[in-house]
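Peer 1: What follows is a predicted protein model with its sequence.
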Amino acid sequence: MSVQTNISSAKLEKCTYCVKPLIVRHMDYEKYMRIALMEARDAELEGEVPIGAVVVCGDKVIARAHNRTEHLHDVTAHAEIMAITAAEDYMDAKYLTDCTLFVTVEPCVMCAGAIAWAQVAEVVFGTEDAKRGFTRYSNQILHPKTKLTRGILADECEKIMKDFFARKRR
């Protein structure tokens, strides 16, 4: 199930971090979610829960990450946190007000808090997390200006998670 962005025609905007004007068009959500899925597959190969995240600014991927909690022995090393940190480093800024975060699974409350503090412009996730997703608790955790889009490549995002946990239970 794909959800379309509300941006229907190209418009000129000034990017906070760029010298040149930024042309904003309908962003290819599936393209960026596929990159996040590649990150999720990398996580799975490393024995991590297969969640991937990508930060896009001005139609350019500026950060990509996957879960690293097992490898780093750090419960906060979620894909979203890792991607936000890398994007903030890339931008040399603590706010990502011109960026979109793509993540394969709905962020948890911790990650939603980090997304809010980073003031990410838009969050796009694939599949919902009925047990630990932030929307289970509140839709108001994100920054008030953050747009939320859900359901991009949901079936593929859900399948990689279900397959991973089915193998773990065997």
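Peer 2: On my side now, so go ahead.
Peer 1: What segments of this protein are strands?
Peer 2: Here the chain has its strands, by DSSP state E, at 11-14, 21-24, 52-57, 60-66, 99-105, 122-127, 147-150.
Peer 1: which ones are touching the spatially closest residue to V61 that is not a sequence neighbour?
Peer 2: Spatially, and ignoring its direct neighbours in sequence, V61 is nearest to V54 (5.7 Å; Cβ to Cβ, 6 or more residues apart in numbering). No exception for glycine: its C-beta is placed from N, CA and C like everyone else's. Residues in contact with V54 (Cβ atoms under 8 Å, 6 or more residues apart in numbering) are 32-33, 35-36, 39, 61, 63-64, 83, 101-103.
Peer 1: one more time with 10 Å
Peer 2: Residues counted as contacts of V54 (Cβ atoms under 10 Å, 6 or more residues apart in numbering) are 31-39, 61-66, 79, 83, 87, 100-104, 124.
Peer 1: Now the buried members of the residues you listed.
Peer 2: With burial judged by 16 or more other Cβ atoms under 10 Å, the buried subset of the contacts of V54 is 32-37, 39, 61-66, 79, 83, 87, 100-104, 124.
Peer 1: Just to check, I35 is in contact with K60?
Peer 2: No - assessed by Cβ atoms under 10 Å, I35 is found out of contact with K60, at 11.7 Å.
Peer 1: can you pull out the helices in the protein?
Peer 2: Here the chain has its helices, by DSSP state H, at 29-45, 69-72, 79-91, 109-118, 154-169.
Peer 1: closest to T146 out of the ones you listed?
Peer 2: T146 lies closest to helix 109-118 among these, at 6.9 Å (Cβ to Cβ).
Peer 1: Could I get the buried residue list for the closest one?
Peer 2: Applying 16+ other Cβ under 10 Å to helix 109-118 flags 110-112, 114-116, 118 as buried.
Peer 1: ditto for stretch 84-92
Peer 2: By 16+ other Cβ under 10 Å, the buried positions in stretch 84-92 come out as 84-88, 90-91.
Peer 1: For this structure, give me the ranges with low pLDDT.
Peer 2: For the chain, the stretches with pLDDT under 70 are 1-26.
Peer 1: please redo it, this time with the cut-off set to 90
Peer 2: The chain contains residues with pLDDT under 90 at 1-27, 139, 168-170.
Peer 1: if I read this right, D59 contacts M27, doesn't it?
Peer 2: Yes - contact criterion Cβ under 10 Å: D59 and M27 qualify, at 6.9 Å.
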